[in-house]
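> the sequence and its predicted three-dimensional model are supplied below.
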Amino acid sequence: MSGYVIDVPKVNSLPVKGEDRRFPVRRVYCIGRNYAAHAIEMGHDPDREAPFFFQKNPDNLDPSGEFPYPAHSSDVHFEAELAVALGSGGHNIPVERALEHVYGYALALDMTRRDLQGVAKKMGRPWEIGKAFERSAPVGPIHPASVTGHLSEGRVRLQVNGEIRQDGNLNQMIWKVPEMIAYLSEYFELAAGDVILSGTPAGVGAVARGDVMRIEIEGLGAMDVSVV
Ligand code: MN
């Protein structure tokens, strides 16, 4: 007797460090090529051209610590990223006020079916098939900014089976967190529950079933994600 003709889809939510209550996810925006060394390794010019974004689905964010190897790919890559969780939003947010909208930060992996993304790029098609598949964004708990402060520098590392593969610093972002929020808010109405994945440093690479990825960001600790 809910007033809906089908069951209401579940709202995906993430744990919050030090809280019993959870963070509900509304939208997920991801920036492309936001670290110069990664832009170069992907064959692009690292100059500061306008940023570009793609989206994942809210239910792709997965705090379980397991990443099921997806179908139809034999080249699934990790991308270690800082996730930014918004506690409020709006339109045309000025850069200098953007951080007021950040609720907190989390560790995230932008897992990518690189082979399918490559075909999409070559054919001028959208990227969802390479980026927005089931459980494609393992994430850690959200750390409230009221506890961590705002993160603009600090080491970002990714290890696979104990071997360091990505080792960058948040201060290498081409577009900083406040700039990303301001830019997105010119094109979309941002709101509480939105999550922004802020790009990955150089060193992306493939994983296989049985691998354990460990992402670490200074200030947020570390998280292990098993490829199953
Ligand atoms: Mn990415």
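All right, it came through fine. Fair warning: this is a prediction, and the values are worked out from it, not measured in the lab.
> and stretch 57-76, which residues are buried?
Buried residues in stretch 57-76, counted by 16 or more other C-beta atoms under 10 Å: 57-58, 60-63, 67, 70, 73, 76. For the C-beta atoms, the positions are set from N, CA and C on the backbone; glycine is no exception.
> could you list the low-pLDDT ranges of this structure?
For the chain, the stretches flagged by pLDDT under 70 are 1.
> which residue is nearest the centroid of it?
Leu197 (2.9 Å; C-alpha atoms, centre = their mean).
> correct me, but that one touches Asn34?
No - between Leu197 and Asn34 there is no contact under C-beta atoms under 8 Å: 9.4 Å.
> and the helices in this structure?
Using DSSP state H, the helices of the chain run over residues 36-41, 114-122, 128-131, 145-148, 177-187.
> dump those to TSV, plus distance to the ion and mean neighbour count.
Output for the helices of the chain, formatted as TSV (distance: least, C-beta to the ion, whole Å; neighbours: other C-beta atoms under 10 Å):
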stretch	distance to the ion	mean neighbour count
helix 36-41	8	17
helix 114-122	10	16
helix 128-131	8	21
helix 145-148	22	13
helix 177-187	13	19
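> distance of the spatially closest residue to Val227 that is not a sequence neighbour relative to Ala37?
Residue nearest to Val227 in three dimensions, not counting chain neighbours: Asp211, with 4.6 Å by C-beta to C-beta, 6 or more residues apart in numbering. Using C-beta to C-beta, to the nearest Å, we find Asp211 at a distance of 23 Å from Ala37.
> what do you get for Tyr187?
Using C-beta to C-beta, we find Tyr187 at a distance of 27 Å from Ala37.
> now Leu61
26 Å.
> likewise for Gly124?
26 Å.
> burial count for the residue nearest to Gly154 when sequence neighbours are not counted?
Using C-beta to C-beta, 6+ apart and skipping residues adjacent in sequence, the residue nearest Gly154 is Glu218, 3.2 Å away. By other C-beta atoms under 10 Å, the residues close to Glu218 number 13.
> please apply the same query to the one 5 residues further on.
A count of neighbours around Met223, defined by other C-beta under 10 Å, yields 20.
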